[in-house]
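> I would like to see how this sequence folds:
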Amino acid sequence: MIAENDDLVDIILSCKKLIHVNNMTEEDDPELRLRQEYRYILRAHFKFNCDAVYRPRNLDEINERIRNHMTDKERIQNEMGSIKELLRQSQESAENAEETAQKKRRKLQQEFKETLKFI
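Down below sits the predicted model:
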């Protein structure tokens, strides 16, 4: 098959050399005929008995709940974004405060050393 059709090469190679092809006839698989008969019966029933498209009674309510859920999800995502931004700002503020405290500490140490030189 690989030599005959270049389009199938990737598919065949991805199957790790194991390919199953179901070419059974109705005589080989009696259920195949039954499935086809059931499909025919269903199609005939729908064609002659179901003029309108099926629509659940509560479909509008379900759609509204989905829309509300989506807007709730978007609202929560926006709130999470705001919280993340506040956290980032708090971390920056804490880092700046730490740097300022270290600078003051060094300055005080330097002043203390200079004071000790005079004593």
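
> and the helices in the chain?
9-14, 30-49, 59-118 (DSSP state H).

> CA atoms only: put the shortest one into CSV for me.
Yep, that's helix 9-14 we're talking about. Coordinates of each C-alpha in helix 9-14 appear next as CSV, following Å, rounded to 0.1, in the frame of the first residue of the first chain:
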residue,chain,number,x,y,z
VAL,A,9,2.4,6.7,3.9
ASP,A,10,2.0,8.9,7.0
ILE,A,11,-1.2,7.2,8.0
ILE,A,12,0.2,3.7,7.6
LEU,A,13,3.4,4.5,9.4
SER,A,14,1.6,6.0,12.3
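
> for it, packing partners?
Contact partners of helix 9-14 among helices and strands, from 3 or more C-beta pairs under 8 Å, 6 or more residues apart in numbering; DSSP states H and E: none. All C-beta atoms are positioned from the backbone trio N, CA, C, and that covers glycine.

> check the offset of that helix from the chain's centre.
Helix 9-14 has its C-alpha centroid displaced from the chain centroid by 28 Å (C-alpha atoms, centre = their mean, to the nearest Å).

> and the residue nearest the centre of this structure?
residue 73 (13.4 Å; C-alpha atoms, centre = their mean).

> re earlier: okay if I get the helices of the chain as TSV plus distance to residue 3 and mean pLDDT?
As requested, these are exported to TSV (distance: least, C-beta to C-beta, whole Å; pLDDT from 0 to 100):
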stretch	distance to residue 3	mean pLDDT
helix 9-14	9	73
helix 30-49	31	76
helix 59-118	51	89
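
> okay, now the domains of the protein?
The chain breaks down into these domains under automatic domain parsing: 1-54, 60-119.

> what is the neighbour count of residue 104?
A count of neighbours around residue 104, defined by other C-beta atoms under 10 Å, yields 10.

> tell me the contacts of it?
By C-beta atoms under 8 Å, 6 or more residues apart in numbering, residue 104 lies in contact with nothing.

> how near is it to residue 110?
11 Å (C-beta to C-beta, to the nearest Å).
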